[in-house]
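Asker: could you work out the structure for the sequence below:
(5 chains)
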Amino acid sequence: MIAAKVRDSIWSTRKADSLVGLKFMLVEVLGGIEAGRLMIAADTIGAGNGERVLVCTGSSARKMLGREDVPIDAAIIGIIDEDCKL
Amino acid sequence: MIAAKVRDSIWSTRKADSLVGLKFMLVEVLGGIEAGRLMIAADTIGAGNGERVLVCTGSSARKMLGREDVPIDAAIIGIIDEDCKL
Amino acid sequence: MIAAKVRDSIWSTRKADSLVGLKFMLVEVLGGIEAGRLMIAADTIGAGNGERVLVCTGSSARKMLGREDVPIDAAIIGIIDEDCKL
Amino acid sequence: MIAAKVRDSIWSTRKADSLVGLKFMLVEVLGGIEAGRLMIAADTIGAGNGERVLVCTGSSARKMLGREDVPIDAAIIGIIDEDCKL
Amino acid sequence: MIAAKVRDSIWSTRKADSLVGLKFMLVEVLGGIEAGRLMIAADTIGAGNGERVLVCTGSSARKMLGREDVPIDAAIIGIIDEDCKL
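Answerer: Below you'll find the predicted structure:
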């Protein structure tokens, strides 16, 4: 997983049918030599702008949705506690 | 997923049989430290040159086609709304 | 796999139900041109801060938990012996 | 997928039994910030030195062989048409 | 796949039970813009220090072991012939 900060919501009206109802967030990788890399992750736990999140990538991201048919390669799996240093 | 801009179509006459009829687009990663990375993604939703798209990579890209037998590792899954800032 | 050093624990109170009880560690890639890249890995073998570990990524990380339903893309699979040079 | 140029054949006499009869090509990523990255891809469509090819990576590369038991993570899936600009 | 040079053996006494008996090698990526990246790969074909090898990554690496339960994301699949230029 990577630690990232939520920057914004991403809206897509024309998209795959299987994605309808899914929320997408633009996140920015925090720390290390990949700091500043941008990704778009599906969010099912209600992460807000500015929050630090755990992002899971690859086939494992589909496990977050509990559906195998969704073309998703990144998902927010948790909000990092505020008092947690990175 | 990554946000990318469609640059061009890519044509391949000699290719795997399972790819016949599939459209390939050259896309360029937008924003962050990976801006400018090029990828080729399968397109089934009719993305046009210059449009900003969501690209899904890895095994999840195959889910976009609804077929497990296709050697595809990237697919356009949505068009990013025009008023959406990145 | 990559060799990494454990830097800290990462706490997430709001997270996917399937992750409850799982321990997350912030690890830093050791050596080579990716030295300093940060990752967050699930830990089931009790790695401590400062220890050097083997981290497995991608779908194979789920094999470490013996469960296919967990949205995990990195796991500590071993502690590197102290007298082992890197 | 990535666009790459075929540089050379790679020979391996001592290899996994499941790879016997498979052809390996050294390819170099074309264009963008990853230009110059080298990969070795399995080739089943007869790509020649100097040709520009589409390379599929990850689990999807195995789909090119139609066998799930082969330890292959990259495969040439098509030859890019000569008049296609990149 | 990537071409890499074997640098050393890596020993891990405390590790996942499923890894017992498996040999791990530190390998360094050869050539291109990723030259010098370090990885740790499982070895079942007896690669020696200094030899150039083909390394397969991701879920396909598990195919090298013929077991789906092993948390391995990189495996040596062949020794590159000595007279083969890279």
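Asker: neighbours around the residue in chain A that chain E sits nearest to, how many?
Answerer: Residue of chain A nearest chain E, by C-beta to the nearest C-beta: A:Ser59 (7.7 Å). All C-beta spots, glycine's among them, are computed from the backbone N, C-alpha and C. By other C-beta atoms under 10 Å in any protein chain shown, 23 other residues sit near A:Ser59.
Asker: same deal with A:Ile72?
Answerer: A:Ile72, neighbours per other C-beta under 10 Å, totals 27.
Asker: same check, this time on A:Arg67
Answerer: 11.
Asker: now do the contacts for the residue nearest to it when sequence neighbours are not counted.
Answerer: Nearest in space to A:Arg67, with sequence neighbours left out and distances taken as C-beta to C-beta, 6 or more residues apart in numbering or on different chains, is A:Ser18 at 7.9 Å. With contact taken as C-beta atoms under 8 Å, 6 or more residues apart in numbering or on different chains, A:Ser18 is in contact with A:67, A:69-71, B:63.
Asker: from B:Gly58, how far off is the residue of chain A closest to chain E?
Answerer: Here the criterion is C-beta to C-beta, to the nearest Å. By it, A:Ser59 lies 6 Å from B:Gly58.
Asker: what touches both of these two?
Answerer: Common neighbours of A:Ser59 and B:Gly58 (C-beta under 8 Å, 6+ apart) are A:73, D:59.
Asker: for chain A, which segments count as strands?
Answerer: With strands called from DSSP state E, chain A shows them at A:2-10, A:23-29, A:38-43, A:52-57, A:74-79.
Asker: before we move on, the earlier item: now, the most widely separated pair of the contacts of A:Ser18?
Answerer: Taking C-beta to C-beta, the two most distant members of the contacts of A:Ser18 are A:Arg67 and A:Pro71; they sit 10.7 Å apart.
Asker: in chain A, which residue is most central in space?
Answerer: For chain A, the residue nearest the mean C-alpha position is A:Ala41 (2.9 Å; C-alpha atoms, centre = their mean).
Asker: got a pLDDT number for it?
Answerer: Note for A:Ala41: predicted pLDDT of 98.
Asker: now do A:Lys85
Answerer: Note for A:Lys85: predicted pLDDT of 85.
Asker: how close does it sit to chain B?
Answerer: A:Lys85 sits 23 Å away from chain B, going by C-beta to the nearest C-beta, to the nearest Å.
Asker: for A:Ile76, same thing?
Answerer: 12 Å.
Asker: same question for A:Ala4.
Answerer: For A:Ala4, the distance to chain B - C-beta to the nearest C-beta - is 11 Å.
Asker: okay, now that residue: neighbour count?
Answerer: If you count neighbours by other C-beta under 10 Å, A:Ala4 ends up with 28.
Asker: can you redo the contacts of A:Ser18 as CSV with pLDDT?
Answerer: CSV is the format used below for these (pLDDT from 0 to 100):
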residue, pLDDT
A:Arg67, 90
A:Asp69, 93
A:Val70, 96
A:Pro71, 98
B:Lys63, 97
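Asker: so which of those is the most crowded?
Answerer: A:Pro71 (27 neighbours).
Asker: can you pull the contacts of the residue located most distally from the centre of chain A?
Answerer: When each C-alpha in chain A is compared with the mean C-alpha position (C-alpha atoms, centre = their mean), A:Asp83 comes out farthest, at 20.7 Å. Going by C-beta under 8 Å, 6+ apart, A:Asp83 touches C:Trp11.
Asker: please verify my assumption that A:Arg14 contacts B:Ile80.
Answerer: No. Counting by C-beta atoms under 8 Å, A:Arg14 stays clear of B:Ile80, with 9.3 Å between them.
Asker: comparing the two, which residue is more hemmed in?
Answerer: The residue with more neighbours, out of A:Arg14 and B:Ile80, is B:Ile80; 25 against 13, by other C-beta under 10 Å.
Asker: for A:Gly48, give me its contacts.
Answerer: Applying C-beta under 8 Å, 6+ apart to A:Gly48 gives the contacts A:Val6.
Asker: how far away is it from chain D?
Answerer: A:Gly48 is 32 Å from chain D, by C-beta to the nearest C-beta.
Asker: quick check: residues of chain A near chain E?
Answerer: A:Ser59 (C-beta under 8 Å from any C-beta of the partner chain).
Asker: residue in chain A nearest to chain D?
Answerer: A:Ser59 (7.7 Å).
Asker: give me every residue in chain A lying close to chain D.
Answerer: So far as C-beta under 8 Å from any C-beta goes, chain A lies against chain D at A:Ser59.
Asker: so what does A:Glu82 have for phi and psi?
Answerer: Main-chain dihedrals, A:Glu82, degrees, to the nearest 10: phi -60, psi -40.
Asker: pLDDT value on it, please?
Answerer: According to the prediction, A:Glu82 has pLDDT 93.
Asker: from the chain's centre, how far out does stretch A:51-68 sit?
Answerer: 7 Å (C-alpha atoms, centre = their mean, to the nearest Å).
Asker: cool, and stretch A:2-14?
Answerer: Here the centre of stretch A:2-14 is set off from its chain's centre by 7 Å, with C-alpha atoms, centre = their mean.
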